[in-house]
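1. Got a predicted structure plus its sequence, pasted below:
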Amino acid sequence: MKIAIYPGSFDPITNGHIDIIERAVGLFDKVIVAVSKNFEKNPLFSERERLEMIEKSVVHLDNVVVDSFQGLLVNYASENNAKAIIRGLRALSDFEFEFKMALMNRSLKDEVTTVFLMPHAKYTHLSSSLVREVGELNGDVSKLVPSHVMKAVKEKFGIE
Ligand code: ADP
């Protein structure tokens, strides 16, 4: 069974993340979408809220498991028998950071391979931070996130 982990902050999940999950499901037998408990970041949504939003966004997909993790990603991957880490590559600006991470993870555990997937071109400039910023200013994020996420963003900022 080919298992992949798709780790991230997902604060909140966007259509770009969902595009990557849908592509990954076509390549692996099981995809674990894993929310990282990164204490350095100060997320807008709680871990529980992020997990719930991901769950709702992947109901149409079989073989997707939603989880959270803490500590070294490569250890979490091994514990779950995953041989692949999925990361999304958007613009060139993602490359340097992702390249460093992938090489570090490889040096920590060579048997876990990072696989980069590109989203549809329309999501190349989409990020969770953009959704948070536009959402806070009551801008229209309906093309960027599922409707339940849009509702949650509005609620978070106290917008009707
Ligand atoms: P992190 O804090 O780990 O970067 P994110 O939730 O921002 O968490 O992103 C998780 C992964 O999803 C990263 O590999 C990121 O490059 C990718 N990603 C984020 N937004 C998109 C998008 N619009 N299209 C494709 N990949 C994306």
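-> Good, I have the coordinates.

2. Would you mark the buried spots in stretch 46-62?
-> For stretch 46-62, the buried set under the neighbour-count rule, 16 or more other C-beta atoms under 10 Å, comprises 50-51, 53-54, 57-58. C-betas here are computed from N, CA, C, even on glycine.

3. Ramachandran coordinates for E40?
-> When read as degrees, to the nearest 10, the backbone of E40 gives phi -70, psi -30.

4. how many neighbours does I86 have?
-> 23 (other C-beta atoms under 10 Å).

5. Am I right that it sits in a helix?
-> No. Read with DSSP: H, G, I helix; E, B strand; the rest coil, I86 is strand and lies in no helix.

6. Just to check, it is in contact with A24?
-> Yes. Contact criterion C-beta atoms under 8 Å: I86 and A24 qualify, at 5.0 Å.

7. any residues in contact with both of those two?
-> The overlap between the contact sets of I86 and A24 (C-beta atoms under 8 Å, 6 or more residues apart in numbering) consists of 4, 6, 31, 117.

8. which of those residues are close to the ligand?
-> Restricting the shared contacts of I86 and A24 to those touching the ligand (C-beta under 6 Å from any ligand atom) yields no residues.

9. could you redo the residues you listed as CSV and give each row neighbour count and secondary structure?
-> Listed next are the shared contacts of I86 and A24 as CSV, based on neighbours: other C-beta atoms under 10 Å; DSSP: H, G, I helix; E, B strand; the rest coil:
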residue, neighbour count, secondary structure
A4, 24, strand
Y6, 26, strand
V31, 29, strand
L117, 17, strand
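
10. State the pair within these that is farthest apart.
-> V31 and L117 (11.0 Å; C-beta to C-beta).

11. quick one: average pLDDT of the lengthiest helix in the chain?
-> Counting by DSSP state H, the longest helix found in the chain is helix 92-108. For helix 92-108, mean pLDDT rounds to 94.

12. Now do that helix: which elements does it pack against?
-> Secondary-structure packing of helix 92-108 (3 or more C-beta pairs under 8 Å, 6 or more residues apart in numbering; DSSP states H and E): helix 73-79, strand 84-88, strand 113-117.

13. hmm, who's touching the first one?
-> Which is helix 73-79. 5, 7, 34, 36, 69, 83, 85, 105, 108-109, 112.
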